[in-house]
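Q: Predicted model follows, preceded by the sequence.
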Amino acid sequence: MIRIVLLLLIVGLSIFLITEPFPFGEGFVVLISCLSILWIISLMVKDASIIDIFWGTGFVIVAWFYRTNLNLTDTRSLIYCILISIWGLRLSIHLAFRNIGKGEDYRYQEWRKQYQLNWWWVSFLRVFLLQGVLLWIISAVYVRAIAKTSSTLNIADYVGILLWLIGFTFEAIGDWQLTQFKKNPANKGKVLQTGFWALTRHPNYFGDALLWWGFYLFAFSNGGFLYIFSPVLMTFLLMKVSGVTLLEQKLQETKPQYADYIKRVPAFFPKFF
């Protein structure tokens, strides 16, 4: 049911973007071109996981493309693209250090076994093209956020920066805390329950969602209320599709302590008291 709703949402939003007077078509071509090259590389190295590393960088590429395409030189759009770049590049670098040399992600391994000789073209449609379309739709908020002649930041923009800062802190420090925890062999099979991980079971996903609401506020202050689909879709994916739900299933199966952890700590939104 979720897949059907998601598919209908993707189709509807794609039609909406095509009818908008912005360079979304060109942005789509740029993304699919990049992902097509990445797909060919994935076939050569037999590892579809490289799409995960590219995810953050893809947003950076499309953000600067839109700014260049719109011939913007103002400070406001520059600040916005810098915020996107800090987030996206950090995410890609983090995933690169975490994934390179560790083999293909178990999800793609299962699909590879399932489709066997058909995997070469299924991987393009199910992995690269699908994520490319999602990236294109979610990043549409960038255009609505910066496509304006005014170069001054307003109150909504400053609130957006604050949300971005809080979200980035949760995501970056949460990832760092987990990395340090896993480096200790004594923690193998255990559950990290300190730092941000004592407030929420997924501080990195919560932080990622929050900073996207910060990105949206720039568009909101620009009259782009309808582009609320961007943070809503990203939050939905993080909570119900590729983030919390998928990871929780695996953690409950592999970590005995996780059942008790679930009882004490909320899955997504932090509990401070």
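A: Arrived safely. Residues are numbered from 1 along each chain as shown.

Q: tell me the mean pLDDT for stretch 92-104?
A: The predicted model gives stretch 92-104 an average pLDDT of 91.

Q: And for stretch 40-59?
A: For stretch 40-59, the per-residue pLDDT averages 95.

Q: now the end-to-end length of stretch 216-225.
A: Here the two ends of stretch 216-225 are set 9 Å apart, with distance taken as C-alpha to C-alpha, to the nearest Å.

Q: low-scoring stretches of the stretch 51-200 of the chain, by residue?
A: Low-confidence regions of the stretch 51-200 of the chain, defined by pLDDT under 70, span residues 149-150.

Q: List the buried residues for the host helix or strand of residue 170?
A: In the assignment (DSSP states H and E), residue 170 maps to helix 155-183. By neighbour count on 16 or more other C-beta atoms under 10 Å, the buried set for helix 155-183 is 157, 159-161, 163-164, 167-168, 170-172, 174-175, 177-178, 181. For glycine as for every other residue, the C-beta is placed from the backbone atoms N, C-alpha and C.

Q: Could you identify the most distant pair in those residues?
A: 157 and 181 (35.8 Å; C-beta to C-beta).

Q: quick one on the thing from earlier: sort out which one of the buried residues of helix 155-183 lies nearest residue 193 for me.
A: Closest to residue 193, out of all of the buried residues of helix 155-183 and judged by C-beta to C-beta, is residue 181, at 9.6 Å.

Q: Check whether that closest one really touches residue 189, as I assumed.
A: No: the pair residue 181 / residue 189 is not scored as a contact, 11.8 Å apart, by C-beta atoms under 8 Å.

Q: Distance from the helix holding residue 170 to the middle of the chain?
A: 13 Å (C-alpha atoms, centre = their mean, to the nearest Å).

Q: quick one, phi/psi of residue 184?
A: phi -90, psi 110 (degrees, to the nearest 10).

Q: An error on my part: the question was meant for residue 254.
A: Dihedral angles (degrees, to the nearest 10) for residue 254: phi -110, psi -20.

Q: can you name the farthest residue from the center of this protein?
A: Distance from the C-alpha centroid of the chain, by C-alpha atoms, centre = their mean, peaks at residue 186 (31.0 Å).

Q: Look at that one and tell me its secondary structure.
A: Following DSSP: H, G, I helix; E, B strand; the rest coil, we place residue 186 in the helix state.

Q: One more: residue 102?
A: Quick answer, by three-state DSSP: residue 102 is coil.

Q: quick one: residue 234 and residue 208 touch, right?
A: Yes: with contact defined as C-beta under 8 Å, residue 234 reaches residue 208; the gap is 7.4 Å.

Q: which residues sit in contact with residue 17?
A: Shown in contact with residue 17 (C-beta atoms under 8 Å, 6 or more residues apart in numbering): 24, 136-137, 140.

Q: same thing but 6 Å
A: 24, 140 (C-beta atoms under 6 Å, 6 or more residues apart in numbering).

Q: go on, residue 183?
A: Residues in contact with residue 183 (C-beta under 6 Å, 6+ apart): none are found.
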